[in-house]
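Participant: turn this into a model:
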Amino acid sequence: MAQAKGCRVTVDVAQHGALQSYIDKWLSVQPQQRVALVFVDPGKYPGHVALAALEQELLSTAYGIREPQVALTKLNWWAEELSNAHETGGRHPLTRVLFDDERAHAITKERWVAPVLAAMAQLEEGTAVDFTAQLNAASALHGALAELETNWWYGDAASPARAARLATLSHLLFALRRLQDDAERDRLPLPMARLARFSLSRASLRDRGDARDQAIKAQLGDLRSAWDEAGRLKGPVSVFRALEGAQGGQLVRKAERADDPLAMLQQGSPDGGFTATLRAWNAARRWQTQASG
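Facilitator: Numbering: from 1, shown residues only. Next comes the predicted model:
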């Protein structure tokens, strides 16, 4: 089995200019994907890697920019870029790599732009009322990204249901890991019903206490149940999504059992090792079987 240590998108894609910097940004958020790159050769599948990096760019804009107007300006640029890419081939390094591949042209403009429009729509959303509302609100953007991803990897006939749910749950888990950092944002990682049940204020989210621990564990319980349900949904998932989903589900269970659940979340799961490599290998084997079937 190939080893993932030091894996990097190599000079095989250097012709695409600044692509590597966007790949590095993606890997800084999801370092475990270095393992997956052993089995999704960037030299052979540059578009698969570029699509993952594009997703990270859109998510960083939607969630990482605190001024909605600044984020909206950037998302408008992406909407124009992806709308015109069928004709122009794109101006952005990621778009150019993607539209060098014929499968990009087989995907409709509407599907390319859908994640950007969903990101715009949720820019000023506040904290959800409960977990179900939180899941539904996040699924618009992450579902659109999953549809695009599933189409790219498996074609238009493949169901994006499982990928969409895993993408949404992975986002909610990532948001929970940032609970302290985002305590002053309009959209909190814990829904309003959870805050009320445990008598938590924004200020109390910054410091550890029994009420905060219990609220986080209650959130993790809902995430665990939803993760279990996701496994029963139809549809294939990309190698990257499979690895993200498996490690996310494992982390949810570890944190739910931990004395300090937020500390365990922030510690995260190991990025590599035999288990991660085996997961990536199995996911890649399923991908190649389904893609050639």
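
Participant: just the strands in the stretch 51-200 of the chain please.
Facilitator: Here the stretch 51-200 of the chain has no strands by DSSP state E, counting those that start in this stretch.

Participant: pLDDT weak spots in it?
Facilitator: Applying pLDDT under 70 to the stretch 51-200 of the chain picks out no residues at all.

Participant: list the contacts of the residue nearest to residue 62 when sequence neighbours are not counted.
Facilitator: Leaving aside its chain neighbours, residue 62 sits nearest to residue 119 (4.0 Å; criterion: CB to CB, 6 or more residues apart in numbering). Backbone N, C-alpha and C define where each C-beta goes, glycine included. Going by CB atoms under 8 Å, 6 or more residues apart in numbering, residue 119 touches 58, 59, 61, 62, 71, 75, 141.

Participant: ok, the first one touching residue 114?
Facilitator: No - with contact defined as CB atoms under 8 Å, residue 58 and residue 114 do not form a contacting pair (10.9 Å).

Participant: ok, how many other residues are close to the closest residue to residue 284 other than its chain neighbours?
Facilitator: Nearest residue to residue 284 in three dimensions, chain neighbours excluded: residue 39, at 3.6 Å (CB to CB, 6+ apart). Number of residues near residue 39 (other CB atoms under 10 Å) recorded here: 21.

Participant: ok, now residue 126?
Facilitator: Residues near residue 126, counting by other CB under 10 Å, number 11.

Participant: residues contacting the closest residue in space to it that isn't next to it in sequence?
Facilitator: Leaving out its chain neighbours, the residue that sits closest to residue 126 by CB to CB, 6+ apart is residue 186, at 5.0 Å. By CB under 8 Å, 6+ apart, the contact set of residue 186 is 124, 125, 126, 127.

Participant: so how do I select the buried members of these in PyMOL?
Facilitator: Only the buried entries of the contacts of residue 186 go into this PyMOL selection, using 16 or more other CB atoms under 10 Å:
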select buried, resi 127
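
Participant: how about the contacts of residue 186, which pair is most distant?
Facilitator: Using CB to CB, those span at most 12.0 Å, a distance reached by 124 and 127.

Participant: adding distance to residue 213 and neighbour count, write the contacts of residue 119 out as JSON lines.
Facilitator: Listed next are the contacts of residue 119 as JSON lines, based on distance: CB to CB, whole Å; neighbours: other CB atoms under 10 Å:
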{"residue": "58", "distance to residue 213": "33", "neighbour count": "20"}
{"residue": "59", "distance to residue 213": "28", "neighbour count": "20"}
{"residue": "61", "distance to residue 213": "32", "neighbour count": "21"}
{"residue": "62", "distance to residue 213": "29", "neighbour count": "21"}
{"residue": "71", "distance to residue 213": "32", "neighbour count": "20"}
{"residue": "75", "distance to residue 213": "36", "neighbour count": "22"}
{"residue": "141", "distance to residue 213": "29", "neighbour count": "25"}
